[in-house]
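A.B. asks: build the 3D model from these lines:
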Amino acid sequence: MLKLYHTPFSINTQRVWLLLLEKQIEFESVFIELDGDQSQHVS
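C.D. replies: Alright, predicted model coming up:
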């Protein structure tokens, strides 16, 4: 199954999301938080 990694503020992601819905292509939505903490590693 197709996975769509997205954030709600991305215009390009919204375009892809709409295309997938219009074409009735099944996909899994994976939300990505872009708050800056994703690059910090816990040791």
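A.B. asks: next up, the contacts around the most centrally placed residue in the chain.
C.D. replies: Among the residues of the chain, H6 comes closest to the average C-alpha position under CA atoms, centre = their mean, at 1.6 Å. By CB atoms under 8 Å, 6 or more residues apart in numbering, H6 lies in contact with 13, 16-17, 29-32. Heads up, the C-betas are built off the backbone N, CA and C, glycines and all.
A.B. asks: quick check: it vs E33, distance?
C.D. replies: Per CB to CB, to the nearest Å, H6 is found 11 Å from E33.
A.B. asks: equivalent analysis for K3, please.
C.D. replies: 16 Å.
A.B. asks: give me the number of residues near the residue nearest to I25 when sequence neighbours are not counted?
C.D. replies: Closest residue to I25 apart from its sequence neighbours, by CB to CB, 6 or more residues apart in numbering: L2 at 6.6 Å. L2: 9 surrounding residues under other CB atoms under 10 Å.
A.B. asks: which ones are touching L2?
C.D. replies: Counted by CB under 8 Å, 6+ apart, L2 has contacts 20, 25-28.
A.B. asks: who does L2 form a beta bridge with?
C.D. replies: F27 (DSSP bridges).
A.B. asks: ranges for the strands of the protein?
C.D. replies: Applying DSSP state E to the chain gives strands spanning 2-6, 27-31.
A.B. asks: now the helices for the chain?
C.D. replies: All helices of the chain, identified by DSSP state H, fall at 11-22.
A.B. asks: run through it and note the low-pLDDT ranges.
C.D. replies: Residues of the chain that meet the criterion pLDDT under 70 lie in 36-43.
A.B. asks: not counting its neighbours along the chain, what's nearest L4?
C.D. replies: Take L4 and drop its neighbours on the chain: the residue closest to it by CB to CB, 6+ apart is F27, 5.0 Å away.
A.B. asks: for the one you found, the count of nearby residues, please.
C.D. replies: 13.
A.B. asks: and W17, what does it touch?
C.D. replies: Neighbouring residues of W17 by CB under 8 Å, 6+ apart: 4, 6.
A.B. asks: thanks again, I'm all set now.
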